[in-house]
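> sequence plus the predicted model coming up.
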Amino acid sequence: MAHPKLDPTLPTYGSLSPIQTSSIRICTISLLDKNKIRLIGTPPPLAPLLRSAIITCWGTISKESNYAGAHEFKLSGAPFRGQGPDLVRSRRLILGLLYTMARAGWDLVQASDVSRRRQDKDSLFFEYAEPIGGPSSSSGMRSLTGEIGPEGLREVELFAVTFNRTDRIRVISQQSSEAALRMMELIKQAVASQWKYGIQAERDYCGSLEIKLQGNPFGARGDQSVYARMMQAQMIANFRAEGFKLYTSIGLGSGEDGRDVESWILRRVNASWH
């Protein structure tokens with residue numbers, strides 16, 4: 001994923017260190033309100049990389065500030081209340097954040113809604129993993145400070161699958177269009193084998209690949225609810241056979257029908273993550 005040139009003159013506001021117990025280091029990215037991203041305990045060198053990912057995947061940042069020691073980005077628009085095209089852009093934003101963290105060695109542990117405030121979204125918890133065969137000091141300071149260099153960057157492939165309205169599936173990819181087409185082909189195979197009502201239409205939706213199914217699998221009751229889950233299980237199996245595992249499922253707020261929408265994030269298994 002290409003990022004704009006980093007500007008070293010821009011400040012980093014976070015003053016909190018990652019939580020550390022022995023060799024374990026944990027940091028958090030919280031998604032809040034309709035347009036805020038808060039870096040909590042993320043090493044300062046990550047701030048410009050994440051800023052670049054936000055600009056690339058979403059657009060303008062209206063404000064940056066120190067929030068109780070966390071680096072907070074306030075984005076223009078409302079990515080976490082998006083409708084229409086913004087639904088796709090917001091998923092690209094999440095892919096960009098996860099991709100940037102994973103490339104730097106911070107793997108997602110869990111995405112969880114841990115706040116009782118209705119306007120807050122999921123918090124993303126990351127654990128740092130030392131590069132396989134990479135340098136490591138006895139004091140662990142390289143990892144603690146989050147030093148990032150070419151030797152420490154991981155190979156990462158991610159894509160998202162979203163379930164929209166009651167009958168639509170979209171593939172959103174940070175990779176090539178060929179990769180997105182392949183993932184959609186795996187979804188179509190799952191539909192063909194487990195959802196007997198088939199596919200009604202296909203289209204490009206704001207840069208994502210979308211299929212509209214016959215019937216309402218994501219609002220189904222009775223027998224159809226079983227067929228829908230079998231179809232989704234088949235999708236996961238097909239992705240796994242292709243070398244991808246479910247990395248997380250993230251709720252980002254309201255979809256077109258005003259209900260919370262979960263998005264699947266898939267990641268390729270390789271030497272640095274399995």
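Great, that's in hand. Numbers count the residues shown, from 1 in each chain.
> any idea how far the lengthiest strand in the chain is from the chain center?
Scanning the chain for the longest strand, with DSSP state E as the assignment, gives strand 244-254. Distance of strand 244-254 from its chain centroid, counting by C-alpha atoms, centre = their mean, to the nearest Å, is 7 Å.
> against which helices or strands is the following helix or strand past it packed?
As assigned by DSSP states H and E, the chain's next helix or strand after strand 244-254 is strand 260-268. Strand 260-268 sits against helix 85-103, strand 158-164, strand 244-254, with contacts defined as 3 or more C-beta pairs under 8 Å, 6 or more residues apart in numbering; DSSP states H and E. From N, CA and C alone the C-beta is placed, and that goes for glycine too.
> let's go with 10 Å and repeat that
helix 85-103, strand 106-112, strand 158-164, strand 168-173, helix 223-241, strand 244-254 (3 or more C-beta pairs under 10 Å, 6 or more residues apart in numbering; DSSP states H and E).
> break this protein down into its domains, please.
19-152, 158-268 (automatic domain parsing).
> partner strands of the longest strand of the chain, with direction?
strand 260-268 (antiparallel) (DSSP bridges).
> quick one: the strand it pairs with to chain centroid distance?
Using C-alpha atoms, centre = their mean, the offset of strand 260-268 from its chain centre is 7 Å.
> may I see the buried residues of that strand?
For strand 260-268, a neighbour-count test (16 or more other C-beta atoms under 10 Å) marks 261, 263-268 as buried.
> follow-up on the earlier one: pick out the shakiest of the helices and strands packed on strand 260-268, pLDDT-wise.
Across those, strand 244-254 has the smallest mean pLDDT, namely a mean of 86.
> quick one: that one to helix 85-103, angle?
Angle, strand 244-254 to helix 85-103, by axes from the mean of the first three to the mean of the last three C-alpha atoms, to 10 degrees: 140 degrees.
> list just the one of the helices and strands packed on strand 260-268 that sits closest to residue 217.
helix 223-241 (3.8 Å; C-beta to C-beta).
> quick one: work out the angle between the closest one and strand 158-164.
Using the same axes, to 10 degrees: helix 223-241 against strand 158-164 is 170 degrees.
> strands along the stretch 1-150 of the chain, start to end?
With DSSP state E, counting those that start in this stretch, the ranges of strands along the stretch 1-150 of the chain come out as 19-21, 24-32, 36-40, 61-67, 70-75, 106-112, 123-128.
> pick the most deeply packed of those.
Most buried of the strands of the stretch 1-150 of the chain, by mean neighbour count (mean count of other C-beta atoms under 10 Å): strand 36-40, with a mean of 22.
> and that one, what does it pack against?
By 3+ C-beta pairs under 10 Å, 6+ apart, strand 36-40 packs against strand 24-32, helix 46-57, strand 61-67, strand 70-75, helix 85-103, strand 123-128.
> and the fourth one, how far from the chain's centre?
Looking back up the chat, that one is strand 70-75. For strand 70-75, the separation from the chain centroid amounts to 17 Å (computed by C-alpha atoms, centre = their mean).
> neighbouring strands for it, and are they parallel or not?
strand 36-40 (antiparallel), strand 61-67 (antiparallel).
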